[in-house]
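# Take this sequence and fold it.
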Amino acid sequence: MILYHGSYLEIKMPDLIHSRGNVDFGRGFYTTPIYDQAVKWCEKFKRRGKDGIVSRYDFDEKAYQELKVLKFDSYSEEWLDFILNCRKGNDLTNYDIVVGGVANDKVFNTIELYFDNLIDKKEAIRRLRYEKPNLQICFRTQKALETYLHYEGSEQI
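You can find the predicted model right below:
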């Protein structure tokens, strides 16, 4: 499977040293199989006057059988709880890879409406279902990066 990473520089050898904590799935190297999503990740750098560069990787999907992987197939209460723990710095799990949807502002607005009892669960799920498709794959261990993710090239956006 081909994965992409959007940044302001080419990343031939991803590592965890340069990753931020307190984000959706915790400290890790974030990729997506959706090219347009990686391009969108570059936009914030371009607004700051930097280059936008999409790096491309070949992902060996044997990782799904050989590593500890957490996969969220949809927006759910479990997904939300995991993200909230990670964003608060309270994640104590040891997953090598976490896969699931991106927690953007529209998603959090819908979840907040649900928790405030302003919409019911059925309406919340309906709104989330129509959110623009996205997917992030977070590599949280160096072993996962070095063994299963292989750099193929990059392009400037």
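# Test my guess that V54 contacts E155.
Yes. Here V54 reaches E155: they are 5.6 Å apart, a contact under C-beta atoms under 8 Å. Backbone N, C-alpha and C define where each C-beta goes, glycine included.
# Just want to know which of the two has more residues nearby.
Neighbours were counted for V54 and for E155 using other C-beta atoms under 10 Å; V54 has more, 22 against 12.
# does that one count as helix, strand or coil?
Assigned with DSSP: H, G, I helix; E, B strand; the rest coil, V54 falls in the strand class.
# Counting neighbours, what do you get for the residue lying closest to it once chain neighbours are set aside?
Excluding its sequence neighbours, the residue lying closest to V54 (C-beta to C-beta, 6 or more residues apart in numbering) is A38, at 4.7 Å. Using other C-beta under 10 Å, A38 has 23 other residues around it.
# show me the contacts for A38.
In this structure, A38 makes contact with Y4, H5, G6, T31, T32, V54, judged by C-beta atoms under 8 Å, 6 or more residues apart in numbering.
# in what helix or strand does it lie?
Take DSSP states H and E as the rule and A38 turns out to sit in helix 35-47.
# Any buried residues in that helix, and which?
Within helix 35-47, the residues scored as buried using 16 or more other C-beta atoms under 10 Å are Q37, A38, V39, K40, W41, C42, F45.
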